[in-house]
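**Student:** I would like to see how this sequence folds:
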Amino acid sequence: MSLRRQLIALFAALSVVPLLLVGLLDYIRSIRALEDVIASNTAIIAEEAGAELRERYSGVAISLDLFAENTAARSRPTAMTDANTLRN
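**Tutor:** Predicted structure coming up:
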């Protein structure tokens with residue numbers, strides 16, 4: 001092996017290979033950090049969406065509960081049905 005080839009091989013072994021290893025390790029570390037950020041932000045967004053849905057539909061649930069407890073409202077559909085049968 002010539003001196004030129006030995007120097008090129010030595011250069012590659014001492015500079016390029018460690019540089020590639022550091023780049024690979026940093027890439028893997030960045031991917032993990034990105035996945036952690038995405039997971040935490042997804043959890044926050046899901047929690048906010050759930051709170052918004054609970055807030056939005058809690059009024060509907062209260063209205064339905066009040067409607068179910070209202071005796072006049074309960075008798076109204078049967079009165080309307082009776083009125084419709086009398087018309088026919």
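**Student:** where does the protein have low pLDDT?
**Tutor:** For the chain, the stretches with pLDDT under 70 are 71-88.
**Student:** what ranges do the helices span in it?
**Tutor:** Ranges of helices within the chain are 3-11, 17-69, 71-87, based on DSSP state H.
**Student:** got the angle between the first one and helix 17-69?
**Tutor:** With axes from the mean of the first three to the mean of the last three Cα atoms, to 10 degrees applied, the angle from helix 3-11 to helix 17-69 works out at 30 degrees.
**Student:** thinking again about what came up before, redo the helices of the chain as a markdown table? Include mean neighbour count.
**Tutor:** To be clear about C-beta, it is placed using only N, CA and C from the backbone, and glycine gets the same treatment. Listed next are the helices of the chain as a markdown table, based on neighbours: other Cβ atoms under 10 Å:
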| stretch | mean neighbour count |
| --- | --- |
| helix 3-11 | 10 |
| helix 17-69 | 10 |
| helix 71-87 | 9 |
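**Student:** for Tyr27, see how far away Tyr6 is.
**Tutor:** If you look again at residue 6, you'll see it is Gln, not Tyr. 31 Å (Cβ to Cβ, to the nearest Å).
**Student:** let's check: the centremost residue of the protein is which one?
**Tutor:** Note on the chain: the residue nearest the mean C-alpha position is Thr42, at 3.9 Å, using Cα atoms, centre = their mean.
**Student:** distance of it from Leu64?
**Tutor:** Where Leu64 is concerned, Thr42 sits at a distance of 32 Å (Cβ to Cβ).
**Student:** try Ala43
**Tutor:** 31 Å.
**Student:** repeat that for Ser30.
**Tutor:** 50 Å.
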